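# Attaching a predicted model along with its sequence, questions to come.
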Amino acid sequence: MTNTETKSSDDTAIRIIDSIQDAEHSALEAVRKFLDDVNEVFPDLSEDSPRRKIIDSAFNMTQKLIGASNELAQRIVKVTEKALGDQSNRSTSTT
């Protein structure tokens with residue numbers, strides 16, 4: 001693999017990771033906004049209040065979304081690395 005190909009694959013991986021981080025940041029901001037809205041509407045009466053259940057559910061949902069996003073990023077990077085490695089192997093075997 002040439003330096004140009006390596007730099008290109010590194011740039012691609014960085015762009016993928018940056019895009020996924022942006023999506024994660026957007027998801028977290030949406031949850032923060034949602035929690036602000038919940039706090040305005042529901043008073044904090046007790047640990048078993050609807051407010052607490054809604055907030056806990058929102059955090060669980062966010063954790064699952066972020067986890068799925070991270071897993072997707074890892075899979076994309078692995079597939080990209082494999083494809084670039086396979087491409088490099090083909091090009092070196094033909095020269």
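Yep, that arrived.
# The protein: helices as residue ranges?
Along the chain, the stretches classed as helices by DSSP state H are 3-41, 50-93.
# pretty sure residue 44 is touching residue 50, no?
No - applying CB atoms under 8 Å as the test, residue 44 and residue 50 come out as separate, 10.5 Å apart. From N, CA and C alone the C-beta is placed, and that goes for glycine too.
# Measure how buried residue 50 is and give me the count.
Residues contacting residue 50 under the criterion other CB atoms under 10 Å number 12.
# Now do the contacts for it.
Counting by CB atoms under 8 Å, 6 or more residues apart in numbering, residue 50 touches residue 42.
# Likewise for residue 77?
Here residue 77 is in contact with 13, 16, 17 (CB under 8 Å, 6+ apart).
# and which of these is nearest residue 78?
Of all those, residue 13 has the smallest distance to residue 78: 10.0 Å, by CB to CB.
# Do you know the pLDDT at residue 33?
Reported pLDDT at residue 33 in the predicted model: 91.
# pLDDT wise, what is the spatially closest residue to residue 44 that is not a sequence neighbour at?
Using CB to CB, 6 or more residues apart in numbering and skipping the chain neighbours, the partner closest in space to residue 44 is residue 51 (5.9 Å). For residue 51, the pLDDT comes out at 81.
# Distance check, residue 51 against residue 72.
Distance of residue 51 to residue 72, computed by CB to CB, to the nearest Å: 32 Å.
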